[in-house]
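**Q** Using only what follows, build the 3D model:
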Amino acid sequence: MITVRKASERGHARHGWLESYHTFSFADYQDPRHMGFRALRVVNEDRVQPGRGFAAHSHRDMEIVSYVIDGALEHRDDLGNGSVIRPGDVQRMSAGTGVTHSEYNPSKAERVHFLQIWILPERQGLEPSYEQKHFPAEERRGRLRLVASRDARDGSVRIHQDAELYAALLRGGEAVEHRLRPGRHAWVQLARGRCALNGVALEAGDGAALSGEAALRLSGDGEAEALVFDLA
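**A** Residues are numbered from 1 along each chain as shown. Okay, the predicted model is just below:
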């Protein structure tokens, strides 16, 4: 079964410096029908104006993944980490027992467009940690590149949950397929462009939940960028 979450149906917040779309309930947007999917709790599509950002704030007991689509995002935290996240980078922060961080758009001219993803950890009270890796476009072009996993295999960042995250860049006519083991589920988030998921049309910002499917197939319609979550 495939259930599509249309981009136009998401929660929406506009704060002047920030425009955010919420696939699942978040902050002032609360909908008991959309509280997450399996261990996937938050998928926010954020656009932050130049020179603005999220001031220092705290989280705990959450795996937080940032994926930049366009622009750059500057990160600072009380673990001593400081970095700039750009397209192709995947940042993972395990909030665990508590971490304070800030995220800013360092550009003076361009907005940053990124996905903020929260995954419930396999257990509470983990030691806070941070990781960031770059996955070049050629590694994601026409294939599903593993970028986050429980065992950090194939150079992916480590997440503390029985979940895998893949990223793909597709041109028109390109297709990728992912087999789902019995009892597994999947969430597909289309970051940009258009594609078909097992024949179902998806537009930028759309998400889709898959349960009881043996496999998923994504075929590009023009340029498309997609994330695939394989979930217990």
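
**Q** contacts, neighbours, all on C-alpha from now
**A** OK.

**Q** could you point out the longest strand in the protein?
**A** strand 215-231 (DSSP state E).

**Q** Pull out the buried residues from that strand.
**A** Judged by neighbour count using 16 or more other Cα atoms under 10 Å, the buried positions of strand 215-231 are 215-216, 218-221, 224-231.

**Q** What pairs with it, parallel or antiparallel?
**A** Here strand 215-231 is paired, per DSSP bridges, with strand 163-170 (antiparallel), strand 175-179 (antiparallel), strand 185-197 (antiparallel).

**Q** quick one: which of the buried residues of strand 215-231 is nearest Q49?
**A** E225 (22.2 Å; Cα to Cα).

**Q** Got the confidence number for the closest one?
**A** Looking at E225, its pLDDT reads 98.

**Q** partners of the spatially closest residue to L227 that is not a sequence neighbour in the sheet?
**A** Excluding the flanking residues, the one nearest L227 by Cα to Cα, 6 or more residues apart in numbering is A167, at 4.6 Å. With DSSP bridges as the criterion, A167 is bridged to R145, L227.

**Q** What is the neighbour count of A167?
**A** 28 (other Cα atoms under 10 Å).

**Q** cool, L79 as well?
**A** L79, neighbours per other Cα under 10 Å, totals 12.

**Q** My guess is it contacts A95. True?
**A** No. Using Cα atoms under 8 Å, L79 is not in contact with A95, being 10.4 Å away.

**Q** Mind listing the shared neighbours of those two?
**A** Counting by Cα atoms under 8 Å, 6 or more residues apart in numbering, the common neighbours of L79 and A95 are 128-129.

**Q** Show me which of the buried residues of strand 215-231 is closest to V176.
**A** Closest to V176, out of all of these and judged by Cα to Cα, is L218, at 5.4 Å.

**Q** Relative to A168, how far out is the closest one?
**A** To A168, L218 is 9 Å away according to Cα to Cα, to the nearest Å.

**Q** A186 contacts R217, correct?
**A** No. Judged on Cα under 8 Å, A186 makes no contact with R217 at a distance of 11.6 Å.

**Q** quick one: contacts for the most centrally placed residue in the chain?
**A** In the chain, the residue lying closest to the centroid (Cα atoms, centre = their mean) is I117, at 4.4 Å. I117 is in contact with 40-44, 64-66, counting by Cα under 8 Å, 6+ apart.

**Q** what do you get if the cut-off is 6 Å, keeping everything else the same?
**A** Applying Cα atoms under 6 Å, 6 or more residues apart in numbering, we find I117 in contact with 42-43, 64-65.

**Q** Counting neighbours, which of those end up buried?
**A** The buried subset of the contacts of I117 - by 16+ other Cα under 10 Å - is 42-43, 64-65.

**Q** Now secondary structure and distance to E138 too, for those residues, in JSON lines please.
**A** Formatted as JSON lines, the buried ones among the contacts of I117 follow (DSSP: H, G, I helix; E, B strand; the rest coil; distance: Cα to Cα, whole Å):
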{"residue": "V42", "secondary structure": "strand", "distance to E138": "28"}
{"residue": "V43", "secondary structure": "strand", "distance to E138": "25"}
{"residue": "I64", "secondary structure": "strand", "distance to E138": "25"}
{"residue": "V65", "secondary structure": "strand", "distance to E138": "21"}
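
**Q** Might you list the low-confidence residue ranges for this structure?
**A** Scanning the chain for pLDDT under 70 picks out nothing.

**Q** how about the helices in it?
**A** 137-140 (DSSP state H).

**Q** which residue sits farthest out from the middle of it?
**A** Distance-from-mean max, the chain, by Cα atoms, centre = their mean: K108 at 25.1 Å.
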